[in-house]
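Peer 1: the sequence and its predicted three-dimensional model are supplied below.
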Amino acid sequence: MEASHRWLALLKGEKTDRIPNVPMCAGHCAKIMGMPNLGDYYSKPKFSYKAQVVTRELYNYDQPPFMMDPGYGCEVWGGKTILPYNPKMGAPIPAEPACKTVDDLDKLEVPDPRTGAWMPEFREMVKLCVDNKQMPMVVIFGGWITSTAPMIVSIEDFMMWLIEEPDLAKKALKLSTEFGLNLAESFVEDFGTDTWIPWDPNPTDSNVLIDVNMFKEFPLPNVKKLHKGMLDMGLPLIWTHWCSDHNQTMEAGLIEEIPNGENGILSFGPEVPMDVQAKRFGDNYNLMGNINPPLIMTAEYDEWQDLCLKNIEEGKDMKKVYSLCVGCELPPPSPPSNVFGMTQACEKYGKY
């Protein structure tokens, strides 16, 4: 079975010849193309697309292209982002938020998802994938704290607002939710509902920074609105990456409150063990494996194969579809032998 067929089967909740390998590979693709930094990967549509297609062919994994706003959800609001042209950088960095004062927030308007900063380039990235029938994962920034701070307001100010000025925090979250819905709607208008998959991350919403009660009061209502809105547009499912430690949120049953579609995808950081995920969510969601990402850079090949095998054994037999993955983005400096080793592990240990 070809990689593209496995990905499409996964989206339908169908088991395939073997478990899919979806390594969440992004910046590593620039390294494969011989680039000393990741700047062009994030900012040049044609290079980003080509790099991802070539990398998938090289490793024979099942992940489609993964497309994200080059301004990292910050410049579209009027903030400033540093693109990763420094070889030591692993991704764009929001350097200056749109709002420095409460007055700035009062004046802030939801940007146009077609003409705002970096939006034409973002749309070109998605179009390249859709035109070539790649069924890309497309980042929709909105609703989460992660989509709001430090893009609209600095993370330091936002965390203070959660305690001292909760109405300001809720206002900023509402603005990012509205933009996320507008962005998704514009992609649906241009590309339809069966050519791309929304993807959203949430590291800043983790229980490392906020407790479950704050999660319930602040991001939860906005994310529910965002996800319901996207599904109501006709999009079949959403992939949510629960980055970092979301154990409190999981134990409180709040993850199930957020609609992800009939074959919605959840992925968790290594803080939530794979066997726990499979037992809790495996009947209702497609799940991605979550090997601790730094280990792919430090483990010897045989050790890495053992880690892949353990994760496969914990997830493979759940009711919905399990895919091998790491617990966050594949680190850009990852050794090619271990990246390809994930495909080899799927072939060796993941047959149905």
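Peer 2: Received, thanks. Note that the coordinates shown come from a computational prediction; the quantities given were computed from them, not determined experimentally.
Peer 1: can you pull out the strands in this protein?
Peer 2: Assigned by DSSP state E, the chain shows strands spanning 66-67, 80-82, 93-96, 137-139, 197-201, 239-242, 265-268, 286-288, 322-323.
Peer 1: residues near L108, how many?
Peer 2: 17 (other Cβ atoms under 10 Å). (C-beta placed from N, C-alpha, C; glycine too.)
Peer 1: surely it meets M151?
Peer 2: No. Between L108 and M151 there is no contact under Cβ atoms under 8 Å: 11.1 Å.
Peer 1: and for those two, which residues touch both?
Peer 2: Residues touching both L108 and M151 (Cβ atoms under 8 Å, 6 or more residues apart in numbering) are W77, A98.
Peer 1: picking up where we left off before, between the strands of the chain, which gets nearest to N222?
Peer 2: strand 197-201 (11.4 Å; Cβ to Cβ).
Peer 1: which elements pack onto the closest one?
Peer 2: strand 137-139, helix 219-232, strand 239-242 (3 or more Cβ pairs under 8 Å, 6 or more residues apart in numbering; DSSP states H and E).
Peer 1: how far does the second one sit from its chain's centre?
Peer 2: Helix 219-232 has its C-alpha centroid displaced from the chain centroid by 16 Å (Cα atoms, centre = their mean, to the nearest Å).
Peer 1: tally of neighbours for the closest residue to K46 other than its chain neighbours?
Peer 2: Nearest residue to K46 in three dimensions, chain neighbours excluded: L128, at 6.9 Å (Cβ to Cβ, 6 or more residues apart in numbering). Counted with other Cβ under 10 Å, the neighbours of L128 add up to 20.
Peer 1: also L11?
Peer 2: 21.
Peer 1: same question, D302
Peer 2: D302 - counted by other Cβ under 10 Å - has 8 other residues nearby.
Peer 1: just L8 next, same as before
Peer 2: When neighbours are counted by other Cβ under 10 Å, L8 registers 16.
Peer 1: and for the one 5 residues further on?
Peer 2: Other residues near G13 come to 18 when the count uses other Cβ under 10 Å.
Peer 1: how close does it sit to Y285?
Peer 2: Separation of G13 from Y285 (Cβ to Cβ, to the nearest Å): 9 Å.
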